[in-house]
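**Q** Here is my input, please return the structure:
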Amino acid sequence: MAKPPYIELGQGRQTERLPILHEDRAVIAIDKPRGWMLVPFTWQKTPWNLQAAIQSSIGAGAYWARSRQIRFLRYVHRLDADTSGVLLFGRSPGAVQSLGDLFESRRMRKRYLAVVRGAPADDAWVCRLKLDKDPAQVGRMRGDPRRGKDAETAFKVLERREGGTLVEAVPVTGRTHQIRVHLAAAGLPILGDTLYGGADGKGTPLALRAVELAYVDPFTRRPVRVQAPVEAFLAEFGFAGHGHGAGGGGGGAAASVEASTAEDRGAKRGARVESGATRERGPAPGGVRGRRVGRGSGSGAGEGAVG
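**A** As a prediction, this is how the structure comes out:
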């Protein structure tokens with residue numbers, strides 16, 4: 001019997017299937033829906049604790065886990081509860097540590113799509129506003145040029161429409177709410193962002209999706225690129241009228257997303273050829289020993305969810 005292409009959580013009518021976007025010996029990448037939180041396994045104040053739900057499913061002997069002989073699966077980085085898209089899990093403590101190191105050392109490329117209120121003055125720009133916790137509100141971040149931590153995000157306009165703009169965001173650092181704060185600081189809050197000024201009074205969900213992770217596998221030294229589908233997200237916010245999907249060759253937003261991705265791929269190929277370094281084969285995914293992975297691990301750069 002074939003392995004199911006999803007992680008199945010819950011039972012009976014409350015079962016939810018989370019699509020698997022990529023898997024290998026070290027990791028599983030899923031397409032996280034909105035609503036699931038990434039908090040420590042012991043934090044049980046919400047039924048939407050994704051790590052706890054996965055642990056429970058593995059412990060119950062769910063077929064998706066048994067078919068892969070999975071006994072351990074832990075998130076490597078975080079996405080906000082209301083942000084959907086690519087989420088990476090390590091299949092061993094060693095994999096969590098090694099992949100987490102890529103986030104901390106800024107060797108993990110992350111790409112997001114956001115729909116913002118307003119019209120950017122430029123088609124591309126970089127924001128380096130330093131970020132710190134907002135003392136006036138728990139869970140909120142703010143720009144603080146003097147006391148804040150370094151933060152950098154590159155933005156590019158993909159499509160402009162009346163009432164909103166589709167923007168690509170590539171965060172270099174991994175600060176909590178980085179993309180959301182940087183866009184809000186530019187007067188371009190993300191649609192549906194109740195925390196940073198994007199609420200429209202209609203209950204519109206947060207228009208932010210993690211669409212790509214790209215990195216060099218620390219064990220095989222091979223490039224890995226994980227992408228989440230974009231068509232449903234674009235359609236939800238009115239940007240899919242002229243496209244035929246990310247790889248369909250049509251016009252509009254979907255084609256703009258694919259063109260941006262292809263441009264980045266070309267740049268990366270050029271960079272790899274130029275470096276020309278001989279790489280040694282890395283250790284096996286479970287080969288990192290003597291490095292404890294505790295409750296706070298799995299948070300990437302240790303700063304929480306970028307989006």
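
**Q** And the helices in the stretch 1-150 of the chain?
**A** Assigned by DSSP state H, counting those that start in this stretch, the stretch 1-150 of the chain shows helices spanning 50-59, 63-66, 93-104.

**Q** Other residues contacting the second one?
**A** Put plainly, it is helix 63-66. Here helix 63-66 makes contact (Cβ atoms under 8 Å, 6 or more residues apart in numbering) with 3-4, 6-8, 57-58, 71, 73. Every C-beta, even on glycine, is put in place using the N, C-alpha and C of the backbone.

**Q** mind redoing it with 7 Å?
**A** Residues outside helix 63-66 that contact it (Cβ atoms under 7 Å, 6 or more residues apart in numbering): 4, 6-8, 57-58.

**Q** How far away from the center of its chain is that helix?
**A** Mean-position distance between helix 63-66 and its chain equals 24 Å (Cα atoms, centre = their mean, to the nearest Å).

**Q** Counting neighbours, what do you get for A235?
**A** 14 (other Cβ atoms under 10 Å).

**Q** roughly how far apart are it and P5?
**A** For A235, the distance to P5 (Cβ to Cβ, to the nearest Å) stands at 22 Å.

**Q** any weak-confidence spans in the stretch 1-150 of the chain?
**A** Low-confidence segments of the stretch 1-150 of the chain, defined by pLDDT under 70: 40-44.

**Q** Spatially central residue in the chain, please.
**A** In the chain, the residue lying closest to the centroid (Cα atoms, centre = their mean) is A210, at 4.1 Å.

**Q** Of the contacts of helix 63-66 - the most surrounded one?
**A** Most crowded among the contacts of helix 63-66, counting by other Cβ under 10 Å, is I7 at 25 neighbours.

**Q** Tell me the bridge partners for it.
**A** Legend: beta-bridge partners of I7 under DSSP bridges are L18.

**Q** got the contact list for it?
**A** Contact analysis of I7 by Cβ under 7 Å, 6+ apart lists 18, 20, 30, 54, 64.

**Q** again, 10 Å this time
**A** By Cβ atoms under 10 Å, 6 or more residues apart in numbering, I7 lies in contact with 16-20, 28, 30-31, 50, 53-54, 57-58, 62, 64-65, 68, 70, 73, 89.

**Q** Ok, A151 next?
**A** A151 neighbours (Cβ under 10 Å, 6+ apart): 127-132, 141, 143, 171-179, 181-182, 303, 306.

**Q** can you map out the strands along this protein?
**A** With DSSP state E as the criterion, the chain has strands at 6-9, 16-23, 27-32, 74-75, 84-90, 109-116, 124-127, 131-133, 141-143, 153-161, 164-171, 208-216, 223-227.

**Q** Point out the most buried one among those strands.
**A** The highest average neighbour count among those, using mean count of other Cβ atoms under 10 Å, belongs to strand 84-90 at a mean of 26.

**Q** what pairs with it, and is each one parallel or antiparallel?
**A** Note on strand 84-90: by DSSP bridges, its sheet partners are strand 27-32 (antiparallel), strand 74-75 (antiparallel), strand 208-216 (parallel).

**Q** who wins for proximity to S105 among those?
**A** Of all the strands paired with strand 84-90, strand 208-216 sits nearest to S105, with 10.5 Å by Cβ to Cβ.

**Q** ok, R107 - how many residues close by?
**A** So R107, with other Cβ under 10 Å, has 12 neighbours.

**Q** Now a ChimeraX select for only the buried ones of the contacts of A151.
**A** With 16 or more other Cβ atoms under 10 Å as the burial test, the buried ones among the contacts of A151 are selected in ChimeraX as follows:
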select :127,129,130,131,132,141,143,171,173,174,175,176,177,178,179,181,182,303,306
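
**Q** from memory N49 sits against M37, does it?
**A** Yes. In this structure N49 lies within contact range of M37 using Cβ atoms under 10 Å: 5.9 Å.

**Q** Adding distance to D80, write the contacts of helix 63-66 out as JSON lines.
**A** Output for the contacts of helix 63-66, formatted as JSON lines (distance: Cβ to Cβ, whole Å):
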{"residue": "P4", "distance to D80": "27"}
{"residue": "Y6", "distance to D80": "22"}
{"residue": "I7", "distance to D80": "19"}
{"residue": "E8", "distance to D80": "23"}
{"residue": "S57", "distance to D80": "22"}
{"residue": "I58", "distance to D80": "24"}
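
**Q** What is the nearest of these to G164?
**A** Distances from G164 to the contacts of helix 63-66, taken by Cβ to Cβ, are shortest for Y6, at 31.2 Å.

**Q** Report the separation between that closest one and G307.
**A** 23 Å.
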